[in-house]
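In: let's see this in three dimensions:
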Amino acid sequence: MSSTSFNTSSIVSKVWSFCNPLRDVGVGYGDYLEQLTYLLFLKMADEYSKPPHNRKLHIPAAYNWESLTNKKGAELELHYATLLRELSTAKGILGQIFTKSQNKIQDPAMLAKIIDMIDSEQWLVMGADVKGDIYERLLEQNAQDVKSGAGQYFTPRPLIRAMVECVQPQPMRTIADPACGTGGFFLAAYDYLVEHNKLDKAQNEFLKLNTFFGNEIVASTRRMALMNLFLHNIGDIESDNFISPADALIAASPATYDYVLANPPFGKKSSQTFTNEEGEQEKDELTYNRQDFWATTSNKQLNFVQHICSMLKTTGQAAVVLPDNVLFEGGAGETVRKKLLETTDLHTILRLPTGIFYAQGVKANVLFFDGKPASKKPWTKEVWIYDYRTNVHHTLKKNPLKLEDLRDFINCYNPANRNKRKEIWSESNPEGRWRKYSYEEITTRDKTSLDITWLKDNSLADLDNLPDPDVIAAEIIENLEAGLESFRAVMEGLK
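Out: Presented below is the predicted three-dimensional model:
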């Protein structure tokens with residue numbers, strides 16, 4: 001490539017051109033994305049080792065990029081499998097990228113074509129935004145593929161950006177995500193910090209190597225997160241890995257953080273799979289017995305709320321996507337809500353519409369709360385709620401969520417000065433979406449429920465105002481899926 005003024009879309013379409021032929025032979029988006037991750041990483045490592053970079057990288061010559069480019073057929077297939085196995089034992093991010101790696105492209109001719117495609121580009125001369133854009137679009141396509149099941153690891157990017165705009169992360173502070181998926185919150189925070197600050201050398205170094213900390217227990221998702229961050233200039237090819245493969249909930253966090261931004265995985269129960277005496281796989285419900293938790297429960301989201309509170313500095317801020325059950329469930333749910341209101345300042349809840357997540361049947365909210373030191377009096381004085389669910393209709397394809405859709409919420413949130421918020425709802429304006437409730441009003445509600453709505457659902461009252469049939473159909477599917485999730489939880493409990 002002669003200059004850096006290349007056409008991003010042409011590279012994206014070139015990378016995409018292999019998807020359909022691969023799917024025809026049983027290789028899904030996720031598997032293709034994984035193989036691209038291995039090959040892209042090796043190609044960029046090769047570019048780093050040559051002028052003008054001349055970096056000495058600890059990749060054995062027998063398993064470097066050039067070792068792949070001069071082989072074809074069965075020899076290539078065998079060599080690639082050996083390369084993946086050998087590199088998985090390497091130290092640093094190299095070994096992390098190749099952890100549990102396997103060759104999923106069994107057709108050597110197709111593998112050779114992908115290697116040639118990657119070899120024909122100079123990836124390091126591309127800007128981080130270009131490389132990142134290519135990879136992000138691949139991740140999004142993978143999330144849209146229902147069969148891949150990757151939707152639960154991919155939070156809509158406009159929602160992430162809105163959350164980051166409200167929290168407004170500052171330089172030289174730490175950001176954590178205990179269930180980081182493919183790293184979307186880290187990337188949005190990185191972009192925000194770069195766009196809103198003139199960073200000096202020390203701040204840039206801290207941003208690149210010391211800002212982000214995460215957990216991701218699914219090996220393939222974690223690999224994609226590491227690659228996604230690396231392509232966006234976060235971390236370094238030889239730096240230590242900052243995304244742990246450990247289950248974040250098992251033990252208290254080794255450190256506390258300035259910001260926690262997260263969308264913990266959907267599904268209420270935590271479980272691990274084991275093989276019984278008959279050789280059949282069964283699921284064992286996980287209950288985390290942690291001394292620092294307020295309540296012992298197998299509800300995964302309630303455990304994440306407790307864990308996030310424990311990993312937040314007393315001056316820290318959190319923004320977390322959580323399903324509706326966290327707002328109203330009794331028992332452990334009520335205990336967790338009461339403690340959350342007492343020990344943190346739970347100042348804002350954003351009620352999200354259906355039809356914005358790739359995983360079906362999700363009714364969710366964003367909870368914004370600030371860490372606080374120990375106190376005898378409750379820290380939460382009032383909770384502001386923005387209802388962006390009632391009479392809001394989104395679908396993934398025809399009317400996807402955009403950042404502009406959340407602009408009114410961001411303005412109401414008033415990141416610059418939360419003390420100067422103004423309610424939109426009033427007796428004279430009952431359609432207002434922005435309303436506050438005092439601590440006393442909430443704690444006198446049944447089970448301290450935070451599942452609060454006041455707007456009239458127009459579709460129930462006005463048959464002339466019904467949304468399009470495809471929107472109605474999508475909402476029916478959402479509700480059925482949500483119902484099925486609840487039934488599954490009951491079934492698991494009966495077992």
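In: give me the low-pLDDT residue ranges for the stretch 251-400 of the chain?
Out: Low-confidence segments of the stretch 251-400 of the chain (pLDDT under 70): 267-285.
In: repeat the analysis, applying 80 as the threshold.
Out: Applying pLDDT under 80 to the stretch 251-400 of the chain picks out residues 266-287, 358-361.
In: likewise the stretch 1-150 of the chain?
Out: By pLDDT under 80, the low-scoring segments of the stretch 1-150 of the chain are 1-13, 16, 57, 92, 127-130, 137, 141-150.
In: what are the ranges of the helices in it?
Out: Using DSSP state H, counting those that start in this stretch, the helices of the stretch 1-150 of the chain run over 8-16, 19-24, 29-48, 66-69, 73-87, 92-97, 108-119, 128-144.
In: mind listing the helices for the stretch 251-400 of the chain?
Out: With DSSP H, counting those that start in this stretch, the ranges of helices along the stretch 251-400 of the chain come out as 300-310, 325-328, 332-343.
In: against Phe304, how distant is the closest residue to Thr315 other than its chain neighbours?
Out: Once flanking residues are discounted, Thr315 sits nearest to Gly371: 6.5 Å by Cβ to Cβ, 6 or more residues apart in numbering. All C-beta atoms are positioned from the backbone trio N, CA, C, and that covers glycine. Look at Gly371 and Phe304: by Cβ to Cβ, to the nearest Å, they are 15 Å apart.
In: quick one, what contacts the most centrally placed residue in the chain?
Out: Of all residues in the chain, the one closest to the mean position by Cα atoms, centre = their mean is Gly181, 4.4 Å from it. Under the criterion of Cβ atoms under 8 Å, 6 or more residues apart in numbering, the contact list for Gly181 reads 152-155, 216, 221, 225, 263.
In: let me see the domain layout of the chain.
Out: With automatic domain parsing as the criterion, the domains of the chain are listed as 10-139, 156-179+248-458.
In: Validate this expectation: Phe213 resides in a helix.
Out: No: assessed by DSSP: H, G, I helix; E, B strand; the rest coil, Phe213 does not belong to a helix; its assignment is strand.
In: quick one: it and Thr256 touch, right?
Out: No: counting by Cβ atoms under 8 Å, Phe213 sits too far from Thr256 to count as a contact (10.6 Å).
In: neighbour count for these two, which is higher?
Out: Under the neighbour definition other Cβ atoms under 10 Å, Phe213 and Thr256 were set side by side, and Phe213 has more, 21 against 17.
In: need the longest strand for the protein.
Out: Across the chain, the longest stretch assigned as strand under DSSP state E is strand 312-323.
In: so what's Leu341 closest to, chain neighbours aside?
Out: Thr380 (4.3 Å).
In: tell me the contacts of the residue nearest to Leu124 when sequence neighbours are not counted?
Out: Take Leu124 and drop its neighbours on the chain: the residue closest to it by Cβ to Cβ, 6+ apart is Glu47, 4.5 Å away. If a contact means Cβ under 8 Å, 6+ apart, then Glu47 has 53, 122-124 as its contacts.
In: tell me the spacing between Glu47 and Asp133.
Out: When Cβ to Cβ is applied, the distance between Glu47 and Asp133 equals 19 Å.
In: circling back: in this structure the residue nearest to Leu341 contacts Leu346, no?
Out: Yes: counting by Cβ under 8 Å, Leu346 is a contact partner of Thr380 at 4.8 Å.
In: list residues touching both of these two?
Out: Between them, Thr380 and Leu346 share these contacting residues under Cβ under 8 Å, 6+ apart: 340, 369.
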